[in-house]
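In: Here's a sequence, model it:
(chains A, B, C and D)
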There are 4 protein chains.
Amino acid sequence: MIKAAVIGATGYAGAELVRLLTGHPEVELSTLCSRQYAQKPFSEVYPAFAGTVDRVCEAVDVEHIAEKADVVFTALPHKIPMEIVPRLLHQGLRVIDLSADFRFKDAKTYEAYYEPHLAKDLLEKAVYGLSEIYGDKIRGADLIGNPGCYPTCSMLPLIPLIKAGLIDPDTFIIDAKSGVSGAGRGLSLATQFCQVNDSFKAYKVSAHRHTPEIEAILSETAGRPVVVGFTPHLVPMSRGMLCTIYAEMDDDIDETRVRECLVDAYAKSPFVRIMQPATFPETLQVKGTNYCDIGFTIDARVGRIKLISVIDNLVKGAAGQAVQNFNLMFDAKETAGLDGVSWPI
Amino acid sequence: MIKAAVIGATGYAGAELVRLLTGHPEVELSTLCSRQYAQKPFSEVYPAFAGTVDRVCEAVDVEHIAEKADVVFTALPHKIPMEIVPRLLHQGLRVIDLSADFRFKDAKTYEAYYEPHLAKDLLEKAVYGLSEIYGDKIRGADLIGNPGCYPTCSMLPLIPLIKAGLIDPDTFIIDAKSGVSGAGRGLSLATQFCQVNDSFKAYKVSAHRHTPEIEAILSETAGRPVVVGFTPHLVPMSRGMLCTIYAEMDDDIDETRVRECLVDAYAKSPFVRIMQPATFPETLQVKGTNYCDIGFTIDARVGRIKLISVIDNLVKGAAGQAVQNFNLMFDAKETAGLDGVSWPI
Amino acid sequence: MIKAAVIGATGYAGAELVRLLTGHPEVELSTLCSRQYAQKPFSEVYPAFAGTVDRVCEAVDVEHIAEKADVVFTALPHKIPMEIVPRLLHQGLRVIDLSADFRFKDAKTYEAYYEPHLAKDLLEKAVYGLSEIYGDKIRGADLIGNPGCYPTCSMLPLIPLIKAGLIDPDTFIIDAKSGVSGAGRGLSLATQFCQVNDSFKAYKVSAHRHTPEIEAILSETAGRPVVVGFTPHLVPMSRGMLCTIYAEMDDDIDETRVRECLVDAYAKSPFVRIMQPATFPETLQVKGTNYCDIGFTIDARVGRIKLISVIDNLVKGAAGQAVQNFNLMFDAKETAGLDGVSWPI
Amino acid sequence: MIKAAVIGATGYAGAELVRLLTGHPEVELSTLCSRQYAQKPFSEVYPAFAGTVDRVCEAVDVEHIAEKADVVFTALPHKIPMEIVPRLLHQGLRVIDLSADFRFKDAKTYEAYYEPHLAKDLLEKAVYGLSEIYGDKIRGADLIGNPGCYPTCSMLPLIPLIKAGLIDPDTFIIDAKSGVSGAGRGLSLATQFCQVNDSFKAYKVSAHRHTPEIEAILSETAGRPVVVGFTPHLVPMSRGMLCTIYAEMDDDIDETRVRECLVDAYAKSPFVRIMQPATFPETLQVKGTNYCDIGFTIDARVGRIKLISVIDNLVKGAAGQAVQNFNLMFDAKETAGLDGVSWPI
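Out: Model prediction:
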């Protein structure tokens, strides 16, 4: 059994990690840390876990964690990880960080959108944890920068098509829609029930921090600078994310060729499902699971492909992909702890 | 007082018409027709109207309606209006039809997306009821083809910019999101609560019948054929619609110029509100009202404008715009019956 | 025109007051006060009001208000009104207070559930604003303690039956369900979207502060001490409240007699609607309106009546009843500003 | 491996059975029958199951099922099971029926609320599948009448207290609230999204068919006739059920004694969790699981206990309890296939 600690266990992504790791056959969850709920049983914060995870949350103590864990999942607001992670690594721990702090190779990009980086020397060492794409590097990594939810959902359909040269990288529009849990468990007026319920809106229009993350990876993929138009929206639902992605393509590329490209790219990926032609995914079908389901159609009249992808933002978009990366890092079955069957409704 | 009849009064758009006309200072609601609920009091179908609209619903009888009404609102599934409307007009009634049957000048377009047209001779005579754009024609019309919800929401922001030559008509992408009431009151699995709640999906991808309606009007506006990429999505909310619209534009056009263009275009329009720079509308703010609120930003990095517009699909997208057209046709104040203040939440 | 001020205009009840007073034919809304948003236009806080209420919110200044208003609505958390209201009255203003501060005749009861009372001398003078029951006193009042939402919804069905001696006051069980807006606009984890959405729970079980309010009024009605079992629940919806009320009654009382009692009691009340036998209200049918709709059935097998009543907690349960009380106080038509037709959905 | 068939696999309870049985370590799901979707892959009806349950649905063929299965779960509307189940038993199959057809010992009671019974001879043989209470009988049974959701949720808290003589069986009031999936997947106006969303109502007031089911079992428990006041309500959520139960009790019984009674009764029951004093469950905490969580408080002022219990209506209220009964019948671990950890949100 591999011993795991979760720091930030009582946030939404952290609690989802606790859920997944509790059911993982090769993990012993040895430590839960929570700044806000230190000394409280986890099941008091989340009564769903009564009888299953009654363990008391602890304050963060790096040395203490090192004694009890082999791997640490940090599920914290950005900035805090870059203070803690160097010390965790120094103790010989392997780290999967769910924040943005270790997702960028280029500190300048991070600093342009976030703030001064305090652990720049780790950026080169850190591996971007988009499991299906960077699996080989992830296997040997000690530090994973686990991807954002929007980047995961929008890049999985795009990357194989870019690599195959089927779409024009200068024309990407990502119109993204997310459930409310993406904003986390912190209090804010914008996520109060009455402000969200029975309404729909865009937010952080042309200003969301996941934009540079997407552009950095897609630029690397395309071998030249890619900029994308990105617009996130808020859906009155708890979990789930759907990206509608538009790209221009040559007239002579048909749906068969696109389908082959996607099916081939993910032939060995247990969590990416390419939908049948002319069918499109809804977020319901991946709720609580680590799947990314992808549908597409070519709108020949306008010379564009529309790709529609869905994930559960807390699972494939956060905790689930972190566990998938853990599986790769520790040579477990890729689906270990992630094989639960989905809900019909 | 002008006497009005509503045919199809117990559908969602019909019932919304009843709500608005009941509060209209110059209207006497003389007849409510419902196929499904003939002989039942309207307030038995919609208990919200108990004490206000207890009138009994009637089966459709064109001669009888002609005796009691000056104007008829037909809120029926397409195909039925093209059978009834000629007879209503023949009786000297003026008609505002909320279906697609009289929205197209070109019967061929209609027939390509719907079915054989049975009243082609009326198509030239019918006026497309996008109130802010075609007000002059609407004033003198006897037959209005009331616009679809998606066309209303997406074209109000686009038309002034097309006219001013600020955007490239070959590059329009309309990513639209609608509440569930847009599907009407008829039973279907797709609109059952458990299929929609806490989920999000696209539907009729590249196949929605509002596409040719948008293209016909925008082509007329641009003076040349315009095709648009259109993708509708279903939001787990009852009312409301938001369109995120992408268009390419020249680098030298700035937000000030766009703003002036939109503000000028709607300076005399009481129901179009241009948001302040860098603010964007949510559907909540127009719920139950006839407003179309528009925000925008220029994403200079990709050379595109993003326009975000919201309406209540049952009001400005259906019944409210029908009443607005009525006001224009009968020389009432444009806001009569439509001046209710919105809800804070 | 009567000049009105709203203090606490940007909370949910306050904003609802602004909505209703804006449409009131005899009111000029002269002043909006908000602690949190002083110096901001009201429509910046609630964009629904853009173009309608762009007035800038002010900090509270009693003398300044007195110059500009005849009546003040205070929509503030309890405790603050008892500090401000005496000064408002001193300036000759009439006051309708939406908090609990002036609902109790007996300071001790208030103090047992809230905190030390700072304006006890006003309690005798204040009139409990349950409009249908205390209309005569309300007409002459200078200070109204506007009722809580639960007390309004649960007592309107009970009071006539108590007065008629049809039900046993020792047996009342009130199982109440409320939308989330009842908790107000303040931030709390319990009202964050993801904590409420797609879930249901009881809260403040046997501990809700509306219990003593209900008991005080029902005891006065019955002429002897009445205690009630009261359990509030939280429904994942923004607005609306439903109370299911159980009471024992003699076997020889039938539904006809109960119906007559309720119909007679509210024969002159425009906002109470007694449903047809064997039909029961849902919260949807009163949304946005000042109605209280009541259905009932006698469960002869167990010797109990079940009464089901619904209101919009923000309207009849707060701002609407306040306006109704205003109408009574200022001799306006009882329905002025409150006659909007309900929504079908 | 025990081979299982599900008849009615594409309804909501049936699909939930498929989900649970797919993850069950001792079950091989050999046959899925669906009247509506015969010849369609299950995953085409429920895309969540793509890659996991692509098996094609079949029409019902009793002999064919007998060849391939050891046990059959029938998840069908009442009336159909009493036609099929005798034939299934005749083939030597063991049957767990989720309808009401085999829940009553007394055919007259069934017939008073449902319709003429076609398999009365099986009623004595059938075992009522309230797992925690009738475990011993369930172990040896060939035919289980799986309980209704409301009976399960309301009787688990009541039965131990009745047995211990702590509460007065003549005073039970069950105020129940259910998510929409309880109504099943069939089309109806009452479960269309726009009729349910953001609203709350009671339904089948004093007329719900689960009333006689509750009364039959509680009468058996109490050893004398028990009638209950039962009122079901509809909550705008997909899954979940909460019962607020009121009963009178003697003054000298305190919360400690009640707690001991409940804790003792369920000491060996892995799925019943008694909450800590003064805490109460919400439906969220049991979503997707087989738990029944129970909280309570004594309202000494009125001499009544309030019990609050929650279940997932599709799991403990239907498919989950059916699997639990299967585990008892086939001597598997009681939690087999049901040990998934709950979701934090």
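In: Hmm, A:S238 is touching A:G179, no?
Out: Yes - using C-beta atoms under 8 Å, A:S238 makes contact with A:G179 at a distance of 5.4 Å. Glycine gets a C-beta too; all of them are placed from N, C-alpha and C.
In: who touches both of the two?
Out: Common neighbours of A:S238 and A:G179, counting by C-beta atoms under 8 Å, 6 or more residues apart in numbering or on different chains, are B:D198.
In: would you list every one of the strands in the stretch 151-300 of chain A?
Out: A:173-178, A:201-202, A:229-234, A:241-248, A:272-274, A:292-299 (DSSP state E, counting those that start in this stretch).
In: ah, wrong one, I meant the stretch 1-150 of chain A
Out: Under DSSP E, counting those that start in this stretch, the stretch 1-150 of chain A gives strands at A:2-7, A:27-33, A:71-74, A:94-97, A:127-128, A:143-145.
In: got those strands as a markdown table, with mean pLDDT, mean neighbour count and distance to B:N197 columns?
Out: Shown next, in a markdown table, are the strands of the stretch 1-150 of chain A (pLDDT from 0 to 100; neighbours: other C-beta atoms under 10 Å in any protein chain shown; distance: least, C-beta to C-beta, whole Å):
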| stretch | mean pLDDT | mean neighbour count | distance to B:N197 |
| --- | --- | --- | --- |
| strand A:2-7 | 98 | 24 | 30 |
| strand A:27-33 | 97 | 21 | 32 |
| strand A:71-74 | 98 | 26 | 31 |
| strand A:94-97 | 98 | 26 | 33 |
| strand A:127-128 | 98 | 23 | 35 |
| strand A:143-145 | 98 | 26 | 34 |
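In: Now distance to chain D too, for the ones you listed, in JSON lines please.
Out: Shown next, in JSON lines, are these (distance: least, C-beta to the nearest C-beta, whole Å):
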{"stretch": "strand A:2-7", "distance to chain D": "12"}
{"stretch": "strand A:27-33", "distance to chain D": "11"}
{"stretch": "strand A:71-74", "distance to chain D": "15"}
{"stretch": "strand A:94-97", "distance to chain D": "19"}
{"stretch": "strand A:127-128", "distance to chain D": "26"}
{"stretch": "strand A:143-145", "distance to chain D": "22"}
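In: Serialize those strands to JSON lines and add fields for distance to D:I133.
Out: Below are those laid out as JSON lines (distance: least, C-beta to C-beta, whole Å):
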{"stretch": "strand A:2-7", "distance to D:I133": "38"}
{"stretch": "strand A:27-33", "distance to D:I133": "34"}
{"stretch": "strand A:71-74", "distance to D:I133": "42"}
{"stretch": "strand A:94-97", "distance to D:I133": "45"}
{"stretch": "strand A:127-128", "distance to D:I133": "54"}
{"stretch": "strand A:143-145", "distance to D:I133": "49"}
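In: and of those strands, who's closest to D:R273?
Out: Closest approach to D:R273 among the strands of the stretch 1-150 of chain A is made by strand A:27-33 (20.1 Å; C-beta to C-beta).
In: How far does the closest one sit from its chain's centre?
Out: 21 Å (C-alpha atoms, centre = their mean, to the nearest Å).
In: Which neighbouring elements make contact with that strand?
Out: The contact analysis (3 or more C-beta pairs under 8 Å, 6 or more residues apart in numbering or on different chains; DSSP states H and E) places strand A:27-33 against strand A:2-7, helix A:12-22, helix A:62-68.
In: Might you report the residue contacts of A:L32?
Out: Counting by C-beta under 8 Å, 6+ apart, A:L32 has contacts A:A5, A:V6, A:A9, A:T10, A:V18, A:F42, A:V53, A:R55, A:V56, A:C57, A:E58.
In: Excluding chain neighbours, what is closest to the fourth one?
Out: Translated: A:T10. A:S34 (4.2 Å; C-beta to C-beta, 6 or more residues apart in numbering or on different chains).
In: For that neighbour, give me phi and psi.
Out: Dihedral angles of A:S34 (phi, psi; degrees, to the nearest 10) stand at phi -150, psi 120.
In: pLDDT score assigned to it?
Out: For A:S34, the model assigns a pLDDT of 98.
In: That one: what's it in contact with?
Out: A:S34 touches A:G8, A:A9, A:T10, A:G14, A:K40, A:F42, A:V45, A:C57, A:E58, counting by C-beta under 8 Å, 6+ apart.
In: residues contacting A:V302?
Out: B:V227, B:V228, B:G229.
In: go with 7 Å
Out: Contact analysis of A:V302 by C-beta atoms under 7 Å, 6 or more residues apart in numbering or on different chains lists B:V227, B:G229.
In: how close does A:Y113 sit to B:P277?
Out: 21 Å (C-beta to C-beta, to the nearest Å).
In: So which of those two has more stuff around it?
Out: Between A:Y113 and B:P277, A:Y113 has the larger neighbour count (other C-beta atoms under 10 Å in any protein chain shown), namely 16 against 12.
In: What number of neighbouring residues does the residue nearest to the more buried one when sequence neighbours are not counted come out with?
Out: Distances taken as C-beta to C-beta, 6+ apart place A:R209 nearest to A:Y113, at 4.8 Å, with adjacent residues excluded. Burial of A:R209 is recorded as 15 neighbouring residues (other C-beta under 10 Å).
In: how much space between A:R209 and D:T152?
Out: For A:R209 relative to D:T152 (C-beta to C-beta), the value is 47 Å.
In: Can you name the residues bridging to the residue nearest to A:T31 when sequence neighbours are not counted?
Out: Excluding the flanking residues, the one nearest A:T31 by C-beta to C-beta, 6+ apart is A:A5, at 3.8 Å. For A:A5, the beta-bridge partners are A:T31, A:V72 (DSSP bridges).
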